[in-house]
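**Student:** Structure, please.
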Amino acid sequence: MLTCAKNDWRDFEQDDKVDCKDTQNKWLPAVVQRVQGEQVYVHYIGYGEKWDEWVNKRSDRLAPSGTKCREKVATYEDDYGYSGSGVRGSVGLRNLGNTCFMNSTLQCMNATPSLVNFFVDGEYTSQLNPSAYKSHGEIARQFGQLVKEMWSPRPHVVTPRNFKHAIGEFAPRFSGYSQQDSQELLACLLEVP
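**Tutor:** Alright, predicted model coming up:
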């Protein structure tokens, strides 16, 4: 993280958050993943790894975190939430048998900005409890990966297979491919230790 003790905000370290202008001239929140000489390898928060890139430390494409980006990644603002011809976060979920109950629950959770921000920004990783009864943090981990995929920059269809498998491990009644109740799944997710 950037701290006041640094002489120059460009004295980058791994995991420093910055604002970075992408190749489309749009300022996005990013994190420094590697530093090599005069270059930093940045990852745009909420975007897939294929968009990661090397940027010169002295480039005007870099700015202190929060100085160029007005909002967090997962917002519904017109000037930030659109990518190409679709709205980021607005994706279809592939049905795995009769799993529309799960997909509708996931879409509702995906429409909750504070929850999405928590997972897209990766804040949840510091809250994982690997010794949690039964789930060992795997459901949160899989939900985090699913949300990041749902909020990737291109509109697409997502298959929530890994998330469904993690839920089935914790709550066997959801392990098959038969119809279940959305409310019961949501209640189960909210009680996951």
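**Student:** got the contact list for Val55?
**Tutor:** Listed by Cβ atoms under 8 Å, 6 or more residues apart in numbering, the contact partners of Val55 are 20, 39-42, 61-62. Every C-beta, even on glycine, is put in place using the N, C-alpha and C of the backbone.
**Student:** Can you give me the distance of it to Thr23?
**Tutor:** Note on Val55: its distance to Thr23, by Cβ to Cβ, to the nearest Å, is 10 Å.
**Student:** likewise Asn129?
**Tutor:** Noted for Asn129: a distance of 39 Å to Thr23, by Cβ to Cβ.
**Student:** May I ask you to name the longest strand in the chain?
**Tutor:** Longest strand in the chain by number of residues (criterion: DSSP state E): strand 27-36.
**Student:** and it, which residues are buried?
**Tutor:** By neighbour count on 16 or more other Cβ atoms under 10 Å, the buried set for strand 27-36 is 27-32.
**Student:** Tell me the helix or strand right after it.
**Tutor:** Under the assignment DSSP states H and E, the closest C-terminal helix or strand after strand 27-36 is strand 39-44.
**Student:** Show residues contacting the lengthiest helix in the chain.
**Tutor:** Longest helix in the chain by number of residues (criterion: DSSP state H): helix 138-150. Helix 138-150 has contacts (Cβ under 8 Å, 6+ apart) with 46, 89, 91, 106, 109-110, 116, 119-120, 122, 124-125, 127-128, 158, 160, 162-163, 165-167, 169-170, 189, 192.
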